[in-house]
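# Here you go, sequence then predicted model.
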Amino acid sequence: MDIERIGELIELLEGSKVSEISIRKDDSMVLVRKSSVNMVSAQISTQPTHTQETETETEQTDGAAEEQRGVLITAPVVGIFHAINGMPVIGDQVKRGQSVGAIESMKLMNDVVSPDDGVVVEVYAEDGMPVEYGHALFRIEPDAGGK
């Protein structure tokens, strides 16, 4: 998928009532989504086509895992994410079992709860954002006394 085609997708999305376009081809995916303030963003991801790892790739993966340590709070269902009673922000303390939002799915609200005690270090969610099962919503750094 080339840049010109992605630009065409963005233009198409801007001029329509559709809020999101996702296209997969071979091992690549492009997601173009309108935000709640009428801005358009694009995400491009590629999956490696081979599974053979070299020693250097393994070392790079270990380094990336170290940078991304913590616990992800993910979407338990497909639907629309909603901030309920104020959404946690970076630096907020959350407790195991605490509701950090809800996902509306088939006219039902499903609580999103923290799996552990910790401090919010990243926020990926926005109020009104469509999410899929397993979509990362927050990343927390667990308390030393937790798990």
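Yep, that arrived.
# Tell me how far residue 10 lies from residue 21.
Here residue 10 is placed at a distance of 9 Å from residue 21 (CB to CB, to the nearest Å). From N, CA and C alone the C-beta is placed, and that goes for glycine too.
# Need the overlap of contacts for these two.
Listed as contacting both residue 10 and residue 21 by CB atoms under 8 Å, 6 or more residues apart in numbering are residue 32.
# Mind checking the pLDDT average for the helix or strand hosting residue 32?
Element membership for residue 32 (DSSP states H and E) is strand 28-34. Strand 28-34 carries an average pLDDT of 71.
# do the same with stretch 115-122
If you average the pLDDT over stretch 115-122, you get 92.
# So which bits of it are buried?
By neighbour count on 16 or more other CB atoms under 10 Å, the buried set for stretch 115-122 is 115-118, 120-121.
# now do stretch 16-28
residue 21.
# Closest to residue 90 out of the buried residues of stretch 115-122?
residue 120 (5.5 Å; CB to CB).
# show me what contacts that closest one?
Residue 120 neighbours (CB under 8 Å, 6+ apart): 88-94, 138-140.
# which of those residues tops the neighbour count?
residue 138 (26 neighbours; other CB atoms under 10 Å).
# Tell me which two in the contacts of residue 120 are the farthest apart.
By the measure CB to CB, 93 and 139 form the most distant pair in the contacts of residue 120, at 14.2 Å.
# sorry, back to before: out of the buried residues of stretch 115-122, which sit inside strands?
Those of those mapping onto strands are 118, 120-121, per DSSP state E.
# Now flag whichever of these is closest to residue 131.
Looking across those and measuring by CB to CB, the closest to residue 131 is residue 120, at 17.2 Å.
# beta partners for the closest one?
In this entry, residue 120 is beta-bridged to residue 140, by DSSP bridges.
# distance of it from residue 107?
Separation of residue 120 from residue 107 (CB to CB) stands at 29 Å.
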